[in-house]
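>>> What follows is a predicted structure for the sequence shown.
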Amino acid sequence: MSGFWIVLTGALVASCCAILGCFLILRRMALIGDAISHAVLPGIAIAFLMSGTRDSIFMLLGAAAFGFIAVFLIEMFRSGGVQSDASIGVVFTALFAVGVVLISLNARNIDLDLDCVLFGEIAYVQWSTLEIGGADLGPKAVWLLGFTLVVILLVISLFYKQFKLTSFDPALAAALGIPVALFHYALMGLVSMASVSSFESVGAILVVGLLIIPPAAAYLLTDRLGPMLVISVAVGIVSSIAGYAAAVALDASIAGCMVCAAGVLFAAAFLLSPKHGLLALRRARSRAAA
Amino acid sequence: MNKVASSVKRLVLLILFLTLSAVLVAGCAETSTDEGEGRGGDSRVKVTATIGMVADAAKEIGGDSVQVTGLMGPGVDPHLYKASQGDIRKLEDADVILYSGLHLEGKLTDILEKLGEEKTVKAVTDNIPADRLRGSSDGAYDPHVWFDVELWMSAAETIRDTLIEYDPAHKADYEERAAGYLEKLEELDLYAAERIGSIPEESRVLVTAHDAFGYFGDAYGIEVIGLQGISTASEYGAKDVADLRNLLVERKIKAVFVESSVPKKSIEAVIEGARREGHEVKIGGELFSDAMGKDGTTEGTYIGMVRHNVDTIVNALK
């Protein structure tokens, strides 16, 4: 059963990340996943100081709180005129540093780094199951990520036009009376929710990779948002399947293989895309020269 | 609006289709591998151990009656361990899983506890009395207990009892081999105490960058000073280097010890600084901390590793 749950979890993470990643890429905020993965450190430290344990439920709550604080701050600075990359950089390094200081002051002899207490391992999802009233309902990660995916699909489909317009042309959106800031915050909230729940289940590298690579590949293959979302999700899910197959064949890290597979697909898109691909550009150039 | 709805519908359908096909593919691959690997008539108890030290003790005590598989190989820092596809099978196939405990395995601990509902899973440090553990606040202890050989003897007893509980048919074998191993460990404990005791008292100071030697220091009466203990953050400032240099000069400490995790630059700065003050410090050698040496070498066993550390420290400081 392990393969079944791993691929299913991978596909759910890929779907959540690939959808949100498209909007992030359009806003030039693709690295926000990496930022959140660092910015949650003070949340872990505070959750430990308050609860006195390293129980994963407290760690998850602390991380979620600081995930939201981080995206809120990033959005606040950005709308206040700081460039988006600088805003991401400022917030996550500062929050990470606060976490380092808190740990060094209060918990020096305790292993409290993110790898140990928060980041999960996709190889072991099948063993961490949800139990209600003694009934085994399958892996916790599948429930958590499935719920996240449903929320994302619901919010994005209800407000698709608004998200599209605020991503491409915030000025026009504002002129049309769409509350631009509200939709920015809503998107950031979704991103934070998706990343933190995925970190807990499958670790950081998979989330950060799948949040950027599939949308970037899709961006090379189409100029329209609808198809971009579809291609992005397809690339993400195919990466998780191919990555799992590679991990079985090589006996290697599963998350690592999945992200590598996504990288290979991106390289293929970069070379072969009919419009923006390297080969197509070269052909067009030589044709223009002739 | 219609277009939006249809594209969302397409997205949902795509997710469903791809996920289902993925799951089917994975399911098929699964059953075929399951058939391929039978038990092969091996009647030995399958033991999977997380770290090298536990695997080594399980091999010594289990002998021919068990087949021990290690999860984290030689040289793998448990903090940096990443699971591979094969590790799932190692845990799945095991009859008995032994792990170190005290949160050394990090988040893997939750998984191991969960597996404990189905099979025999034991933290070997379970029976060490809480007052012997080093810790700061409730529930959070320093997990590097193996450097106090006496505490590790308790772990060996726990391994013995766990094996007997699972496989009572070989009770006598386990007891006999455990007795022999415990005897060797007792010798090792005496050896370490005697050797460290032979260092002049004022130079009994172990300067290292790692936090793993707390139990060692307590057990054998050697003061442990870590770069991390001096610095409050993970960066070593100029003042830390100066503090450490002054300490080396004042107490006439002859050597400091490196591990792969030590930032070499700051150690070199300390040594250079001490030299300018007219005090010669050398690098005493490399110590094993979280992982043992390579398989097949003397340092690849628990006893060999402890002996190596003790000899390295004594030779450099004496």
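Received the coordinates, thanks.
>>> got the contact list for A:Leu73?
Listed by Cβ atoms under 8 Å, 6 or more residues apart in numbering or on different chains, the contact set of A:Leu73 reads A:91, A:95. The C-beta positions use only the backbone N, C-alpha and C, and glycine is treated the same way.
>>> And the pLDDT for it?
We have a pLDDT of 94 for A:Leu73.
>>> so which helix or strand takes in it?
Following DSSP states H and E, one finds A:Leu73 within helix A:56-79.
>>> Mind checking what helix or strand follows that helix in sequence?
Next along from helix A:56-79, by DSSP H and E: helix A:84-106.
>>> ok, and does that next one reach over to chain B?
Yes: using Cβ under 8 Å from any Cβ of the partner chain, helix A:84-106 reaches chain B at A:100-101, A:104-105.
>>> For the chain, which segments count as strands?
This is for chain A. A:129-132, A:135-139 (DSSP state E).
>>> sorry, should have said chain B
Using DSSP E, strands in chain B cover B:45-49, B:66-70, B:96-99, B:120-123, B:205-208, B:223-226, B:255-258, B:282-286.
>>> Mind putting the ones you listed into TSV with distance to chain A and mean pLDDT?
Formatted as TSV, the strands of chain B follow (distance: least, Cβ to the nearest Cβ, whole Å; pLDDT from 0 to 100):
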stretch	distance to chain A	mean pLDDT
strand B:45-49	13	93
strand B:66-70	13	92
strand B:96-99	11	94
strand B:120-123	11	93
strand B:205-208	15	84
strand B:223-226	10	82
strand B:255-258	20	82
strand B:282-286	23	82
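>>> what helices or strands is the worst-scoring helix or strand of chain A on mean pLDDT leaning on?
Every helix and strand in chain A was compared by mean pLDDT, DSSP states H and E; the lowest is helix A:114-117, with a mean of 72. When contacts are defined as 3 or more Cβ pairs under 8 Å, 6 or more residues apart in numbering or on different chains; DSSP states H and E, helix A:114-117 packs onto helix A:41-51.
>>> which parts of the helix it packs on are buried?
A:41-49 (16 or more other Cβ atoms under 10 Å in any protein chain shown).
>>> can you state the direction angle for the helix holding A:Leu73 and helix A:84-106?
140 degrees (axes from the mean of the first three to the mean of the last three Cα atoms, to 10 degrees).
>>> For the stretch 51-200 of chain A, what lies in contact range of chain B?
Counting by Cβ under 8 Å from any Cβ, the stretch 51-200 of chain A sits next to chain B at A:52-54, A:56, A:100-101, A:104-105, A:107-111, A:113, A:115-121, A:123-124, A:127-129, A:149, A:153, A:156-157, A:160-161.
>>> Can you say which of those are buried?
Buried among these by 16+ other Cβ under 10 Å: A:54, A:56, A:100, A:107, A:109-111, A:113, A:115-121, A:123-124, A:127-129, A:149, A:153, A:156-157, A:160.
>>> Run through the stretch 151-300 of chain B and note the low-pLDDT ranges.
Along the stretch 151-300 of chain B, segments meeting pLDDT under 70 span B:209-210, B:227-240, B:259-266.
>>> what do you get for chain A?
Using pLDDT under 70, chain A drops low at A:1, A:107-111, A:116.
>>> ranges for the helices of it?
For chain A, the helices defined by DSSP state H occupy A:2-26, A:32-39, A:41-51, A:56-79, A:84-106, A:114-117, A:140-158, A:160-168, A:170-175, A:180-202, A:204-221, A:225-250, A:254-272, A:278-289.
>>> B:Glu113 is nearest to which of the ones you listed?
helix A:56-79 (11.2 Å; Cβ to Cβ).
>>> got the angle for that closest one vs helix A:180-202?
Going by the same axes, to 10 degrees, helix A:56-79 makes 150 degrees with helix A:180-202.
>>> Quick one: work out the angle between helix A:56-79 and helix A:140-158.
Using the same axes, to 10 degrees: helix A:56-79 against helix A:140-158 is 30 degrees.
>>> in helix A:56-79, what's buried?
Within helix A:56-79, the residues that count as buried by 16+ other Cβ under 10 Å are A:56, A:58-71, A:73-75, A:77-78.
>>> if we can go back for a sec, any chance of CSV for the helices of chain A, columns distance to B:Lys114?
Supplementary listing: the helices of chain A in CSV, determined by distance: least, Cβ to Cβ, whole Å:
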stretch, distance to B:Lys114
helix A:2-26, 13
helix A:32-39, 25
helix A:41-51, 20
helix A:56-79, 11
helix A:84-106, 27
helix A:114-117, 17
helix A:140-158, 10
helix A:160-168, 39
helix A:170-175, 47
helix A:180-202, 14
helix A:204-221, 21
helix A:225-250, 22
helix A:254-272, 19
helix A:278-289, 48
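>>> Looking at these, which is nearest to B:Ala57?
The minimum distance between B:Ala57 and the helices of chain A falls on helix A:114-117, with 23.7 Å, by Cβ to Cβ.
>>> Using CSV, list the CA coordinates for that closest one.
Provided in CSV are the C-alpha atoms of helix A:114-117 (Å, rounded to 0.1, in the frame of the first residue of the first chain):
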residue,chain,number,x,y,z
LEU,A,114,12.8,22.6,11.3
ASP,A,115,14.0,19.3,9.8
CYS,A,116,13.5,17.5,13.1
VAL,A,117,10.2,18.8,14.3
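>>> residues in contact with B:Arg177?
Counted by Cβ under 8 Å, 6+ apart, B:Arg177 has contacts B:60-63.
>>> okay if I get the residues you listed as a markdown table plus neighbour count?
Converted to a markdown table, the contacts of B:Arg177 look like this (neighbours: other Cβ atoms under 10 Å in any protein chain shown):
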| residue | neighbour count |
| --- | --- |
| B:Glu60 | 22 |
| B:Ile61 | 28 |
| B:Gly62 | 25 |
| B:Gly63 | 18 |
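>>> taking those residues one by one, which sit in helices?
Short answer: the contacts of B:Arg177 in helices (DSSP H) are B:60-62.
>>> and which of these is nearest chain A?
The nearest member of the ones in helices among the contacts of B:Arg177 to chain A, counting by Cβ to the nearest Cβ, is B:Gly62 at 24.4 Å.
>>> Might you report the residue contacts of the nearest residue to A:Arg54 once chain neighbours are set aside?
Leaving aside its sequence neighbours, A:Arg54 sits nearest to A:Val117 (Cβ to Cβ, 6 or more residues apart in numbering or on different chains; 5.0 Å). If you count contacts by Cβ under 8 Å, 6+ apart, A:Val117 has them with A:44, A:48, A:54, A:56, A:59, A:111, B:106-107.
>>> what do you get if the cut-off is 7 Å, keeping everything else the same?
Contacts for A:Val117 were tallied using Cβ atoms under 7 Å, 6 or more residues apart in numbering or on different chains; they are A:44, A:54, A:59, B:106-107.
>>> Quickly name whichever of those residues is closest to B:Val205.
Once Cβ to Cβ is applied, the member of the contacts of A:Val117 that ends up nearest B:Val205 is B:Gly106, at 30.8 Å.
>>> quick one, phi/psi of that closest one?
Main-chain dihedrals, B:Gly106, degrees, to the nearest 10: phi 60, psi -140.
>>> Neighbours of it, how many?
20 (other Cβ atoms under 10 Å in any protein chain shown).
>>> how near is it to chain A?
Per Cβ to the nearest Cβ, to the nearest Å, B:Gly106 is found 4 Å from chain A.
>>> surely B:Ile97 meets B:Leu115?
Yes: under the criterion of Cβ atoms under 7 Å, B:Ile97 makes contact with B:Leu115 at 6.4 Å.
>>> who has more neighbours, the two?
B:Ile97 (24 against 19).
>>> residues touching the more buried one, list them.
Counting by Cβ under 7 Å, 6+ apart, B:Ile97 makes contact with B:48, B:91, B:112, B:115, B:119, B:121.
>>> Might one say that the third one is in contact with B:Leu98?
Just to be clear, that refers to B:Leu112. No: here B:Leu112 lies out of contact with B:Leu98, judged by Cβ under 7 Å, at a distance of 9.6 Å.
>>> Comparing these two, which residue is more hemmed in?
B:Leu98 (29 against 20).
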